[in-house]
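Novice: Predicted model and sequence follow; I will ask about them next.
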Amino acid sequence: MSRSWNLALESLRLVRRGHIRTLVSRALFNRTVCTISEDLLSSSSSSHTVVDESYVLAELSSLLPISSKTTTGKEDTCLKDEVAVDSFLSPEERLRGVFLQKPKGKSAIHKALSSLCVDLSIDIVANVVDSGNLSGEAMVTFFNWAIREPGVSKDVGSYYVILRALGRRKFFTFMMDVLREMVSSDLKCLTIAMDSFARAHYVRRAIQLFEESQDFGVECGTESFNSLLCCLCERSHVSAANSVFNAKKGEIPFDSCTYNVMIGGWSKLGEVEEMEKVLKEMVEGGFGPDCLSFSYLIEGLGRAGRINDSVEIFDDMKHKGCVPDAKVYNAMICNFIFARDFDESVRYYRKMLDEECDPDLETYSKLVSGLVKGRKVADALEIYEEMLSRGIVPTTGLVTSFIKPLCSYGPPHAAMVIYQKARKAGCRISESAYKLLLKRLSRFGKCGILLNVWDEMQECGYSSDVEVYEYIVDGLCNIGHLENAVLVMEEAMRKGFCPNRLVYSRLSNKLMASNKTEMAYKLFLKIKEARIQDNARRFWRRNGETDKVFVYVKISLTGSHLSPTLGVVCIPFWWVVVA
């Protein structure tokens with residue numbers, strides 16, 4: 001009994017004095033601990049003495065006083081604090097955090113997930129299973145719980161999400177179990193599974209899955225065969241695809257798509273002879289080459305370095321009665337971009353417009369990206385404006401791909417033009433694009449624009465993390481707004497972030513150089529506290545625990561022995577484990 005109580009007291013002493021001081025006065029704490037220790041030691045000397053439960057509870061009440069009149073208020077405060085801290089976590093992080101606690105049994109996991117009261121949707125389910133480090137069993141358990149919730153429908157579209165996530169993480173056993181347990185699978189489910197095997201270089205298993213497609217309710221025909229070839233060629237297993245292509249001649253009827261997939265596969269490798277061989281078989285099979293065939297052929301010649309031959313094929317297309325479409329022009333533009341002949345690529349783009357061939361998103365994607373990487377910024381911005389004027393809105397990832405190279409050289413003006421026009425066109429900007437802009441603006445000291453972009457980032461629903469706060473602090477330091485930089489850093493620490501040592505050192509040195517010693521010292525104390533808490537969080541994350549806002553110790557009585565268990569003492573970000 002005495003040993004257990006000493007361990008409990010020792011654990012309480014490990015908690016920082018600054019937190020204890022907010023609960024009880026130091027004098028009362030020391031007096032009560034000494035009183036309890038002496039009484040417990042005297043009681044242990046008599047073998048017939050039984051510890052009175054009311055006495056122990058009274059001593060604990062003096063140690064951690066809680067007024068009965070304000071109990072409800074304090075509980076409400078604790079609840080508010082807990083909700084406030086929990087609000088910093090996204091729904092996906094809260095759902096994944098359940099599995100970090102390792103509940104025993106599926107029913108316990110389902111109960112813990114339901115207790116979070118998250119407005120579930122298929123997008124949240126996709127974010128949970130696509131990121132993090134959940135095991136295959138945990139992913140399947142979570143998905144089985146999710147499809148029973150009202151926000152997620154139990155249809156084939158939901159199964160696409162879990163199959164793709166399991167295949168990406170190479171949990172093939174669980175992926176196949178889900179595929180077999182589905183009520184009705186379709187060709188897309190089978191394609192996701194075959195593509196997962198091909199991505200992991202399990203070519204034989206992908207082919208075997210195609211041959212067993214009838215067991216999953218999918219016909220083993222031309223369409224499923226084309227899907228298999230497409231998966232293999234997309235993952236650069238063109239030789240294996242060619243072997244299956246030759247083996248299935250006569251067994252499965254081929255169509256023009258079958259031949260085009262094989263031509264496209266060899267095109268990516270620049271194998272001109274193999275492309276011509278498949279093209280010859282295509283003609284012998286009664287299928288004439290179409291624009292897609294010519295686009296693959298032109299692209300393959302460009303990869304092989306035979307630009308002049310690709311130009312000849314492009315010029316001969318009209319004589320063969322095949323008018324070039326956007327895919328053919330895209331192949332020509334791509335060839336000249338690879339050859340770093342940007343003027344010629346722009347010329348083919350202008351020729352495309354003169355021939356009244358409407359460019360698509362891929363046209364502008366290749367052209368603008370090539371010009372930006374080639375540092376032809378003026379031409380890139382001109383083409384970009386033409387794209388928006390035609391009503392073609394870039395995707396979120398495409399805007400990020402435009403901004404990323406522009407933020408690696410020169411001032412941030414061009415990147416801001418891309419950002420502002422895309423935002424005006426209604427395109428959603430990614431969080432990574434915002435961070436790239438903030439970093440570049442911070443480096444050039446454009447603090448006015450920096451703060452505006454930061455506000456727009458928050459309006460889009462992105463929360464600020466430690467990187468964002470570091471960029472803001474750096475930008476404010478660069479223009480000498482040290483007081484504002486300190487305020488931003490204090491806000492970051494209040495949210496549980498600890499800026500890195502380089503950012504803090506730069507700000508601290510500038511404060512000292514400006515004779516603001518008192519401000520620098522107060523910042524030092526706060527950053528020291530934040531680092532202690534950050535180190536504690538890192539420690540418990542490494543040991544499989546999640547961040548806790550309230551740490552407590554609860555001591556219960558079992559007969560005449562003290563049996564300490566885990567409970568709560570309002571000490572932020574710390575765990576006190578009493579053995």
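Specialist: Here it is on my side, so go on.
Novice: what's the helix or strand for the closest residue to Leu451 other than its chain neighbours?
Specialist: Take Leu451 and drop its neighbours on the chain: the residue closest to it by Cβ to Cβ, 6 or more residues apart in numbering is Ile472, 7.6 Å away. Glycine gets a C-beta too; all of them are placed from N, C-alpha and C. Secondary structure from DSSP states H and E places Ile472 in helix 466-478.
Novice: Give me the contacts around the very next helix or strand once past that helix.
Specialist: Later in the chain than helix 466-478, the nearest helix or strand by DSSP H and E is helix 482-494. If you take Cβ atoms under 8 Å, 6 or more residues apart in numbering as the criterion, helix 482-494 is touched by 464, 466, 469, 472-473, 476-477, 498-499, 503-504, 507, 510-511, 514, 516, 519, 523, 526-527, 529-530.
Novice: Quick one, which of the residues you listed are buried?
Specialist: Neighbour counting with 16 or more other Cβ atoms under 10 Å marks 464, 466, 469, 472-473, 476-477, 498-499, 503-504, 507, 510-511, 516, 519, 523, 527, 530 as buried within the contacts of helix 482-494.
Novice: Now do the nearest residue to Pro253 once chain neighbours are set aside against Met262, distance only.
Specialist: Spatial nearest neighbour of Pro253, excluding adjacent residues (Cβ to Cβ, 6+ apart): Thr222 at 5.6 Å. From Thr222 across to Met262, the span is 14 Å (Cβ to Cβ, to the nearest Å).
Novice: out of these two, which sits in the more crowded spot?
Specialist: A count of neighbours by other Cβ atoms under 10 Å puts Met262 above the other of Thr222 and Met262, at 29 against 15.
Novice: For the more buried one, I want the exact helix or strand it lies within.
Specialist: helix 256-269.
Novice: residues making contact with that helix?
Specialist: Residues from elsewhere that reach helix 256-269, judged by Cβ under 8 Å, 6+ apart: 222, 225-226, 229-230, 232-233, 236, 238, 241-242, 245, 274-275, 278-279, 281-282, 285, 287, 290, 292-293, 296-297, 299-300, 303.
Novice: helices and strands around the helix or strand in which Gly97 is found, which ones?
Specialist: Secondary structure from DSSP H and E places Gly97 in helix 91-100. For helix 91-100, the elements it packs on are helix 106-114, helix 122-130, helix 136-146, judged by 3 or more Cβ pairs under 8 Å, 6 or more residues apart in numbering; DSSP states H and E.
Novice: Report the contact partners of the nearest residue to Leu406 once chain neighbours are set aside.
Specialist: Nearest non-adjacent residue to Leu406, counting by Cβ to Cβ, 6+ apart: Ala415, 4.0 Å away. The contact partners of Ala415, taken as Cβ under 8 Å, 6+ apart, are Ile403, Leu406, Cys407, Leu436, Leu437, Arg440.
Novice: now the angle from the one helix or strand the last one maps to to helix 466-478?
Specialist: Right, the one you point to is Arg440. Counting by DSSP H and E, the element that carries Arg440 is helix 431-443. On the basis of axes from the mean of the first three to the mean of the last three Cα atoms, to 10 degrees, helix 431-443 is oriented at 20 degrees to helix 466-478.
Novice: For the residue nearest the centre of the chain, which non-adjacent residue is spatially closest?
Specialist: Nearest to the geometric centre of the chain sits Ser131, at 5.7 Å (Cα atoms, centre = their mean). The shortest distance from Ser131 to any non-neighbouring residue, by Cβ to Cβ, 6+ apart, is to Glu92 (7.2 Å).
Novice: Model confidence for the residue nearest to Leu406, exactly?
Specialist: Note for Ala415: predicted pLDDT of 95.
Novice: do Val56 as well
Specialist: 60.
Novice: got it, and the one 3 residues further on?
Specialist: As summarised for this prediction, Glu59 has a pLDDT of 65.
Novice: for Cys570, same thing?
Specialist: pLDDT, Cys570: 34.
Novice: tell me the mean pLDDT over the top helix by length along the chain?
Specialist: Criterion DSSP state H: the longest helix present in the chain is helix 517-542. Mean pLDDT, helix 517-542: 86.
Novice: got a list of what the closest residue to Pro324 other than its chain neighbours touches?
Specialist: Closest residue to Pro324 apart from its sequence neighbours, by Cβ to Cβ, 6+ apart: Met317 at 5.6 Å. Neighbouring residues of Met317 by Cβ under 8 Å, 6+ apart: Phe294, Val323, Pro324, Val328.
Novice: same check, this time on Ile252
Specialist: Applying Cβ under 8 Å, 6+ apart, one finds that Ile252 lies in contact with Cys220, Gly221, Thr222, Phe225.
Novice: Next one: Phe287 from Leu279, what distance?
Specialist: From Phe287 across to Leu279, the span is 10 Å (Cβ to Cβ).
Novice: Neighbour count for the two, which is higher?
Specialist: Leu279 (21 against 18).
Novice: how far away is that one from Asp195?
Specialist: From Leu279 to Asp195 the distance is 26 Å (Cβ to Cβ).
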